[in-house]
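**Q** With the sequence up front, the predicted model follows.
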Amino acid sequence: MTLNYRQIQEALAHRQEFKGNSMSARYHWHGDFSPQHGLLCEDEIVKLEQAWQSVTKFQGLYVVLSYETPIAWAITPLTTTSMRIFLPAHLVDQKFSVTTSKGQGYVKGNINRYTLREVFSHEEEAV
């Protein structure tokens, strides 16, 4: 199912995998990912590759793409519960197309929405 922009905002806030018309996000676990660069500039390619190289077998890398270009990523530790610990995400500030710029705005406003404490309290309220 393809998500609309409202649904994408919630998926980003909860760091869920999704597929939209021009945006998508998924987790890559240790050993299953070869960084896709798309139209990233050299500085951002280095940052993405450094993030991926720092991922251990107890972590994953949440990558948000606009078309085929990563526009944000975050290392996510695996936990023994269904909750994930949300560490700050890296946001690419490089300029792209109008559509990708719109997607970057959604990412910026939502991917770091919940701090660790807010994630736990938000999950408890939902129960």
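**A** Arrived safely, thanks for sending. Keep in mind that what you see is a predicted model, and the values were worked out from it rather than measured.
**Q** pLDDT weak spots in the protein?
**A** 79-84, 115-127 (pLDDT under 70).
**Q** Please tell me I have it right and H28 contacts L65.
**A** No: H28 is beyond contact range of L65, at 11.3 Å (criterion: Cβ atoms under 8 Å). For glycine as for every other residue, the C-beta is placed from the backbone atoms N, C-alpha and C.
**Q** which one of those two has more residues nearby?
**A** L65 (21 against 18; other Cβ atoms under 10 Å).
**Q** Skipping its backbone neighbours, what lies nearest that one in space?
**A** S24 (5.1 Å; Cβ to Cβ, 6 or more residues apart in numbering).
**Q** Check K95 too.
**A** Here the residue nearest K95, using Cβ to Cβ, 6+ apart, is S101, at 6.8 Å.
**Q** Any chance of the backbone angles for the one you found?
**A** The phi/psi pair for S101 (degrees, to the nearest 10) reads phi -60, psi -40.
**Q** Could you double-check that it sits in contact with V92?
**A** No: counting by Cβ under 8 Å, S101 stays clear of V92, with 11.0 Å between them.
**Q** How many neighbouring residues does F18 have?
**A** Applying other Cβ under 10 Å, I find that F18 has 18 neighbouring residues.
**Q** Three-state assignment for the residue lying closest to it once chain neighbours are set aside, please.
**A** In this structure, F18 finds its nearest non-sequential neighbour in A11, 4.1 Å apart by Cβ to Cβ, 6+ apart. Three-state assignment for A11 (DSSP: H, G, I helix; E, B strand; the rest coil): helix.
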